[in-house]
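> Please find the sequence and the predicted model below.
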Amino acid sequence: MIPMSTTFIANMSHCCTPDTPTGGPSDADLQRADGCGRIVLSGSENGTRIEYIFERSPIRIRFPRSGNGAFQEAVLINTGGGVAGGDRLECTVTALPGASLAVTSQAAEKVYRALCATASVVTRLKVRETAKLAWLPQETIVFNRARLERTTEIEVVDGAELLALEWIVLGRTAYGEIVTGGQITDHWQVKKGGRLIWADSFRVNDEIFPHIHRKALLSGCNAIATLVYYGSSPEKRLEFLRNISPSLECSSASTLVGGLIVVRLAASESSALRRALSSLLEQLSPELGPGPFQVPKMWSC
């Protein structure tokens, strides 16, 4: 049986938001982005090496270096300044044997109000034996009446090590923003050796938003995160994560499914969730040992 969890399933048969009149303007009438970024990395005597890189606007990929040292992070940049209804963005990272890299984003991604069409964001991560990959983007801020479908597909094998994070923030509380409608769909799929070991879907739409802060749902939390880890000694890592959970000062829980550790975190504000995630990475990194599993430098820029 495939381990699967589904949250906030709702009817998504309506194409347009309630305040979009029939026959009115749509996202199809506007210029929309179709961006793509692909990276293939391998190990070498001098560290991680770029085997292949591809960019299509508005996606850009940069590899900042510290002095004359080898690069340790790849930074994704959306030159479009955000995501609108009808946009399509895709990123694929393949870590071949011996590669070690953290991939993050230049800033928080912003998903703006859509007229009708849904924005699509797809991430594909492939980690081969002896490779280490950390996918640690900054938060995705979803504005009122935005429509987003995000899919994260991961492939791992024995001997690979992966840490992957995605987090969503409902509006900017510092500006008094409240998300009352729209659509968010967040899919995860993790395969090991071609076999599906975990799948998860978070779905919320116009019918759910009025109730989303009930205790049985988000219970007043506006920032939520999912973090997964695949690597050696999963039982030991799970125990470690559960032990440090009280120090994170946010709602959190960890479980082990098919050799994959799944961590959920939630906080009332994005700043609290950022502190929790930073603290988690700071404490987890020494436990995992050498590798790219640290707080990305771009998080503090």
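Thanks, I have it. Numbering: from 1, shown residues only.
> so what strands line up beside the helix or strand containing L265?
Counting by DSSP states H and E, the element that carries L265 is strand 260-267. Looking at strand 260-267 with DSSP bridges, its partner strands are strand 223-230 (antiparallel), strand 251-257 (antiparallel).
> how about the CA coordinates for the longest one, as CSV?
The C-alpha coordinates for strand 223-230 follow below in CSV (Å, rounded to 0.1, in the frame of the first residue of the first chain):
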residue,chain,number,x,y,z
ALA,A,223,2.6,29.8,7.9
ILE,A,224,3.0,26.1,7.3
ALA,A,225,5.9,24.0,6.2
THR,A,226,6.7,20.5,5.1
LEU,A,227,10.2,19.1,5.3
VAL,A,228,11.4,15.6,4.3
TYR,A,229,14.6,13.8,4.9
TYR,A,230,16.0,10.7,3.2
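> residues making contact with that strand?
Where contact means C-beta atoms under 8 Å, 6 or more residues apart in numbering, the residues beyond strand 223-230 that reach it are 127, 139, 154, 156, 160-170, 186, 188, 190, 192, 198, 200, 218, 237, 259-270, 272-273, 277, 280. Heads up, the C-betas are built off the backbone N, CA and C, glycines and all.
> what's downstream of that strand, the next helix or strand?
Next helix or strand after strand 223-230 toward the C-terminus (DSSP H and E): helix 234-244.
> Over stretch 189-197, what's the mean pLDDT, rounded is fine.
For stretch 189-197, mean pLDDT rounds to 97.
> circling back to that earlier point, mind listing which of the contacts of strand 223-230 are in strands?
127, 154, 156, 161-170, 186, 188, 190, 192, 198, 200, 260-267 (DSSP state E).
> Filter the contacts of strand 223-230 down to the buried ones.
Listed as buried from the contacts of strand 223-230 are 127, 139, 154, 156, 160-170, 186, 188, 190, 192, 198, 200, 218, 237, 260-270, 272-273, 277, 280; burial here means 16 or more other C-beta atoms under 10 Å.
> neighbours around R56, how many?
Residues near R56, counting by other C-beta atoms under 10 Å, number 14.
> Name the nearest residue to it, sequence neighbours excluded.
Nearest residue to R56, sequence neighbours excluded (C-beta to C-beta, 6 or more residues apart in numbering): C36, at 4.2 Å.
> Surely the one you found and F54 touch.
Yes. Counting by C-beta atoms under 8 Å, C36 does reach F54; the two are 6.8 Å apart.
> in a helix, that's where T130 is, yeah?
No. T130: not assigned to a helix; according to DSSP: H, G, I helix; E, B strand; the rest coil it is coil.
> Can you name the residues in contact with stretch 60-74?
For stretch 60-74, contacts defined as C-beta under 8 Å, 6+ apart pick out 37, 39, 46-48, 50, 53, 55, 75-79, 93, 100-104, 292, 296-298.
> The chain: helices as residue ranges?
Ranges of helices in the chain, per DSSP state H, are 234-244, 270-288.
> I'd like those helices as a markdown table, with mean pLDDT and distance to E177 appended.
What follows is the helices of the chain, written out as a markdown table (pLDDT from 0 to 100; distance: least, C-beta to C-beta, whole Å):
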| stretch | mean pLDDT | distance to E177 |
| --- | --- | --- |
| helix 234-244 | 98 | 31 |
| helix 270-288 | 97 | 11 |
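> Most tightly packed of the ones you listed?
Neighbour counts (mean count of other C-beta atoms under 10 Å) averaged over each of those peak at helix 270-288, with a mean of 18.
> T152: what's it in contact with?
By C-beta under 8 Å, 6+ apart, the contact list for T152 reads 123, 125, 164, 166, 186-189.
> An error on my part: the question was meant for P234.
256, 259-261.
> Now compare those residues and name the two farthest from each other.
Longest distance between any two of the contacts of P234 is 8.5 Å, between G259 and I261; criterion C-beta to C-beta.
> Leaving out the residues flanking it, which one is nearest to G193?
V157 (5.6 Å).
> With T140 instead?
In space, and not counting its chain neighbours, T140 is closest to E109: 4.6 Å by C-beta to C-beta, 6+ apart.
> Check T180 too.
Using C-beta to C-beta, 6+ apart and skipping residues adjacent in sequence, the residue nearest T180 is F209, 5.6 Å away.
> I'm done for today, thanks for sticking with me.
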